[in-house]
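1. this one's sequence-less:
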């Protein structure tokens, strides 16, 4: 099934979320608990796109509510955004994992999973109409900007956004995914977090 066949014409976010709950465009829907759609301000100037829901998000049905999400929320606030200023979502809407005993271990989405979910991300961006799209990590970069961009060399600078759901004035910014900061050694984590806040502060200043 192509996800685009489920998307209503000129749909708002509640309609898109309802339609996405029925998505079977790739095999990830089978073991996952539910589709995890985006959330936040439906008129946000800034839309943040991560990789995929994690274990906590899969169970609760809300993006960025696990450990990485809490770190992101703190970074967004420290960067200068007010409460409810952003919309957050993921490039892939179902949790991809490997079962090890009773634990569900995160597995990176494959290109086919990204392609299957691209219509949903495009529809979200088109519905919100943000001024800036922030790509959190490599999967979001691949989904929205293509394989020529890298987090390590392209992060922190505003650039034209021509990906799914783009409008002529939309811009993009690349930064690290907060989960990557949590995986850093203790002596690098503080700097990794400071760099994330600095990148987000560029976005906050641009839309102020």
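-> Cool, the structure landed. None of these values were measured; they are calculated from a predicted model.
2. If you count neighbours, what's buried in whatever helix or strand residue 116 lives in?
-> Element membership for residue 116 (DSSP states H and E) is helix 111-128. Of all the residues in helix 111-128, those buried under the rule 16 or more other Cβ atoms under 10 Å are 113-114, 116-128. Heads up, the C-betas are built off the backbone N, CA and C, glycines and all.
3. what about residue 199, which SS state?
-> Secondary structure, DSSP: H, G, I helix; E, B strand; the rest coil: residue 199 is helix.
4. residue contacts, the residue lying closest to residue 36 once chain neighbours are set aside?
-> Closest residue in space to residue 36, ignoring its immediate chain neighbours: residue 53 at 3.8 Å, by Cβ to Cβ, 6 or more residues apart in numbering. Neighbour list for residue 53: 36, 63, 90, 93, 94, 95 [criterion: Cβ atoms under 8 Å, 6 or more residues apart in numbering].
5. Which one (most neighbours) among those?
-> Top of the contacts of residue 53 by neighbour number is residue 93, holding 31 neighbours under the definition other Cβ atoms under 10 Å.
6. Look at that one and tell me its secondary structure.
-> Assignment for residue 93 (three-state DSSP): coil.
7. same deal with residue 37?
-> coil.
8. Determine the set of other helices and strands touching the helix holding residue 116.
-> helix 13-20, strand 46-50, strand 86-90, helix 138-144 (3 or more Cβ pairs under 8 Å, 6 or more residues apart in numbering; DSSP states H and E).
9. Quick one: these as a markdown table, columns for distance to residue 106 too.
-> Formatted as a markdown table, these follow (distance: least, Cβ to Cβ, whole Å):
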| stretch | distance to residue 106 |
| --- | --- |
| helix 13-20 | 21 |
| strand 46-50 | 12 |
| strand 86-90 | 12 |
| helix 138-144 | 11 |
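10. Redo these as CSV? Include distance to residue 6 and mean pLDDT.
-> Shown next, in CSV, are the helices and strands packed on helix 111-128 (distance: least, Cβ to Cβ, whole Å; pLDDT from 0 to 100):
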stretch, distance to residue 6, mean pLDDT
helix 13-20, 5, 96
strand 46-50, 20, 98
strand 86-90, 16, 98
helix 138-144, 18, 96
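11. Out of those, flag the one nearest residue 206.
-> Closest approach to residue 206 among the helices and strands packed on helix 111-128 (Cβ to Cβ): strand 46-50, 8.8 Å.
12. Give me the residues contacting that closest one.
-> Residues outside strand 46-50 that contact it (Cβ under 8 Å, 6+ apart): 63-64, 68, 72, 76, 81, 85-91, 121, 124-125, 128, 130-137, 139-140, 143-144, 177, 203-204, 207.
13. before we move on, what SS does the residue nearest to residue 36 have?
-> Following three-state DSSP, the label given to residue 53 is coil.
14. And it, how far from residue 171?
-> Note on residue 53: its distance to residue 171, by Cβ to Cβ, to the nearest Å, is 26 Å.
15. just the angle between the helix holding residue 116 and helix 13-20, please?
-> Computed by axes from the mean of the first three to the mean of the last three Cα atoms, to 10 degrees, the angle separating helix 111-128 from helix 13-20 equals 160 degrees.
16. Off-centre distance for helix 111-128?
-> Relative to its chain's centre, helix 111-128 lies at 10 Å (Cα atoms, centre = their mean, to the nearest Å).
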